[in-house]
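Pasting the sequence and the predicted model now:
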Amino acid sequence: MISKLVPGLEDAVAGIPDGAVVMIGGFGRAGQPVELIDALLAQGARDLTVINNNAGNGDTGLAALLAAGRVRKMICSFPRQSDSHVFDGLYRAGTVELELVPQGNLAERIRAAGAGIGAFFTPTGFGTALADGKETREINGRNYVLEYALPADVALVSALAGDRWGNLVYRKTARNFGPIMAAAATTTVVQVDEVVELGVLDPESVVTPGLYVDRIVAVGERAWLRGGEFVGAASIEGNAS
């Protein structure tokens, strides 16, 4: 019987090594897999390269991972905001590296990795410091910069619900980077609010097919156990967004 369910968060992040490249879903706090990040913090992996749209908010989630000194390098599009004081302090102190990537380029580099595309030309960044040292080319009278695909060893993703095969649905804007990160990582670990039985998810609403998921763990209040196996409530309203 195919089942990608793991019994707990500790099992979900087991084996993530020091030095791993880790994609973490989320757009700020929206869709951030906070429970998985906390589990990774407890697991102890360090010297990580983290790919995320932001560089942490407040003192929890990704910010807590940064504060603990576990992150060597951030690859993101929006590192500074009103509550990014943890990253700001570390960057100014020279204890964490930053690779700044325009948001569209970041999304496309991740998507390219999942699609098996090695690199692509984009006009974004041409003529700026972000293009320094990169190959450029004129195509049909317009200048482009070569950007390489951005794969990862592990992706940590949050979804609304999933089944034991790993099929996933998301809730509204919490979807953001999750689907492309799930496809771009060697190992994809997903936390869901609810695990449902096979056949409950409308195939037309499934955004990430189980093909891209390796481990799934239930963390929501609606997730529960019966006879040692995960089952879920009958309703997953709002899962089509």
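Nice, thanks for sending it over.

contacts and neighbour counts: CA atoms only from here.
Will do.

Helices of this structure, start to end?
9-12, 34-43, 62-67, 85-92, 103-115, 178-184 (DSSP state H).

ok, which stretches of the protein are strands?
With DSSP state E, the ranges of strands along the chain come out as 21-24, 48-51, 71-76, 97-100, 119-122, 136-139, 142-148, 152-162, 168-169, 185-195, 215-218, 224-226, 229-231.

picking up where we left off before, in CSV, list the helices of the chain along with mean pLDDT and distance to residue 166.
Output for the helices of the chain, formatted as CSV (pLDDT from 0 to 100; distance: least, C-alpha to C-alpha, whole Å):
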stretch, mean pLDDT, distance to residue 166
helix 9-12, 96, 13
helix 34-43, 97, 16
helix 62-67, 95, 24
helix 85-92, 94, 33
helix 103-115, 97, 17
helix 178-184, 98, 11
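
lowest average confidence, helix or strand, in the protein?
When the helices and strands of the chain are scored by mean pLDDT, DSSP states H and E, strand 224-226 comes last with a mean of 42.

and the closest residue to residue 62 other than its chain neighbours, how many neighbours?
Once flanking residues are discounted, residue 62 sits nearest to residue 56: 4.9 Å by C-alpha to C-alpha, 6 or more residues apart in numbering. The number of residues packed near residue 56 is 29, by other C-alpha atoms under 10 Å.

which of the residues in stretch 28-43 are buried?
28-29, 31-34, 36-41, 43 (16 or more other C-alpha atoms under 10 Å).

correction: stretch 85-93
So, applying 16+ other C-alpha under 10 Å, buried residues of stretch 85-93: 85, 86, 87, 88, 91.

which one of the residues you listed is nearest residue 63?
residue 86 (6.2 Å; C-alpha to C-alpha).

Could I get the contacting residues of the closest one?
By C-alpha atoms under 8 Å, 6 or more residues apart in numbering, the residues touching residue 86 are 56, 58, 59, 63, 66, 67.

Also residue 46?
With C-alpha under 8 Å, 6+ apart, residue 46 has these contacts: 17, 18, 19, 69, 70, 71, 72.

hang on, residue 119 packs against residue 151?
No: judged on C-alpha atoms under 8 Å, residue 119 makes no contact with residue 151 at a distance of 11.4 Å.

Spit out the contact partners of residue 58.
The contact partners of residue 58, by C-alpha under 8 Å, 6+ apart, come to 83, 84, 85, 86.

The third one and residue 34: what is the separation?
The one in question is residue 85. 18 Å (C-alpha to C-alpha, to the nearest Å).
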